[in-house]
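In: Pasting the sequence and the predicted model now:
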Amino acid sequence: MIITYTFPKLRIVYEIPDLYGIVLQSLKNIPQGKITTYGEISRALGDKIAARAVGYIMATNKWPEIFPCYRVVGKNGELGGYSLGIEKKKRLLRKDGIKISGGKILDFENIVLKSEQLKLPPVLESLQRLQSFLSSKLDLSKSLDNFNIVASLDLGYISGPPDIGIATACLYDVQQNKVLSLGISIVPVFMPYIPTYLAFRELPSALLALESVINYRTPDILAVDGQGILHPRRFGIASHIGVITGIPSIGIAKSILVGKIRPPWRKHNHIEYAPIEYMSSIYGYAIRKEKHMIIVSPGHDVSIESALQIALNLEWRNRDKEPYVMMIPHIVATRFRQLIKQMLDKYTKKQTDITGFLTQA
């Protein structure tokens, strides 16, 4: 189950696995009298880190009578949750002939299907290989001493299923302190949030928003709300989007994913910065203004020191929690998300699903 997105202006065709569909369809293969766990499904997909995402897919399953998510339980036989209530889950499991005592499944080891028995495609393993391949294309040697036009990207979500990604791209003239173009995209998302796989969730909506603003001008630099090389596989969303678009990029995140800040802090005008060390090397910088802090690392086609200098030279206004050029898409995405959610709530009350709403919109 693959979703294909085409971005002709960027000359990109991008394919994302429909993880919701893959996982839900696999539930039909669990025979009566057997169960599996969130962890076993995540391992079958190729990465145990996805267990929480599998739980989210179960919790948002709108068709439990078709996709028997009650047969998925917690580790060691703990029942876990169920969208129709835990008592309903117990009744269904007992109807399957499964014995339960004290909130746990009896004879657990003999009836649980392990990851290798689930016959799921290892899609997360494949995505890791794609990240590794693309990361081999990274260039972190270049200095970007002069830049004027910045495209900043931010995203917000409305929970589904499917989730809806709302991305905003802002094309900003740093010298004139002026917004040149603003693009907004609304895209159904078929990939739940899984740590270290954020790009595969966010890129379809981000690329669509970016494509809408490059008609005006190709930016000198992409400033992406997310990680660059400060990532377990040295390939966060800022690196990913930089490599596939060919536009120099930096990541500006709100928290550290990997690495540790190594003082002392140095001063630059009204802000301070300190390096972040990961695997015994400097991969990026923490930049703070009063109690607000951002994490900066190069994405692609920019050196580590250039990424720092770019971030230091972006304008922070009095009450900004991050550089102003990053605040613009954040504010727009947040406000647009609120408006869309209000509209969706009205349609939901009229029993109109999200897909139907998007078709009408």
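Out: Alright, I've got the coordinates.
In: so how far is D107 from the residue located most distally from the centre of the chain?
Out: Distance from the centre of the chain peaks at G97, with 39.2 Å (C-alpha atoms, centre = their mean). Here G97 is placed at a distance of 11 Å from D107 (C-beta to C-beta, to the nearest Å). For every residue, glycine as well, the C-beta is placed using N, CA and C.
In: just R337 next, same as before
Out: Applying C-beta to C-beta, the value for R337 to D107 is 47 Å.
In: and these two? which has more neighbours close in?
Out: Shown here are R337 and D107; by other C-beta atoms under 10 Å, R337 has more neighbours (19 against 10).
In: Next one: that one relative to E109, how far apart?
Out: Relative to E109, and taking C-beta to C-beta, R337 is found at 45 Å.
In: same check, this time on Q131
Out: 35 Å.
In: Same check on S83?
Out: With C-beta to C-beta as the criterion, S83 and E109 are 27 Å apart.
In: neighbour count winner among the two?
Out: The neighbour comparison of S83 against E109 (other C-beta under 10 Å) goes to S83, with 14 against 9.
In: can you tell me which residues contact the more buried one?
Out: 58-61, 64, 69 (C-beta atoms under 8 Å, 6 or more residues apart in numbering).
In: go again using 10 Å as the cut-off
Out: S83 is in contact with 58-62, 64, 69-70, 89, counting by C-beta atoms under 10 Å, 6 or more residues apart in numbering.
In: And for L19?
Out: 1, 3, 45, 50, 53-54, 57, 123-124, 127, 189-192, 194, 197, 200-201 are the contacts of L19 under C-beta under 10 Å, 6+ apart.
In: Show me which positions of the lengthiest helix in the chain end up buried.
Out: Identified as the longest helix of the chain according to DSSP state H is helix 324-349. By neighbour count on 16 or more other C-beta atoms under 10 Å, the buried set for helix 324-349 is 325-330, 332-333, 336-337, 340-341, 344.
In: okay but the residue farthest from the centre of the chain is in contact with I105, surely?
Out: No - counting by C-beta atoms under 10 Å, G97 stays clear of I105, with 11.5 Å between them.
In: Mutual contacts of the two, please.
Out: With C-beta under 10 Å, 6+ apart as the test, G97 and I105 both reach I111.
In: picking up where we left off before, which helices and strands sit right next to the longest helix of the chain?
Out: strand 149-158, strand 163-173, strand 178-189, helix 198-213, strand 221-224, helix 354-360 (3 or more C-beta pairs under 10 Å, 6 or more residues apart in numbering; DSSP states H and E).
In: just the helices in the chain please.
Out: For the chain, the helices defined by DSSP H occupy 19-26, 38-45, 51-59, 86-95, 108-111, 115-118, 123-135, 198-213, 237-245, 304-312, 324-349, 354-360.
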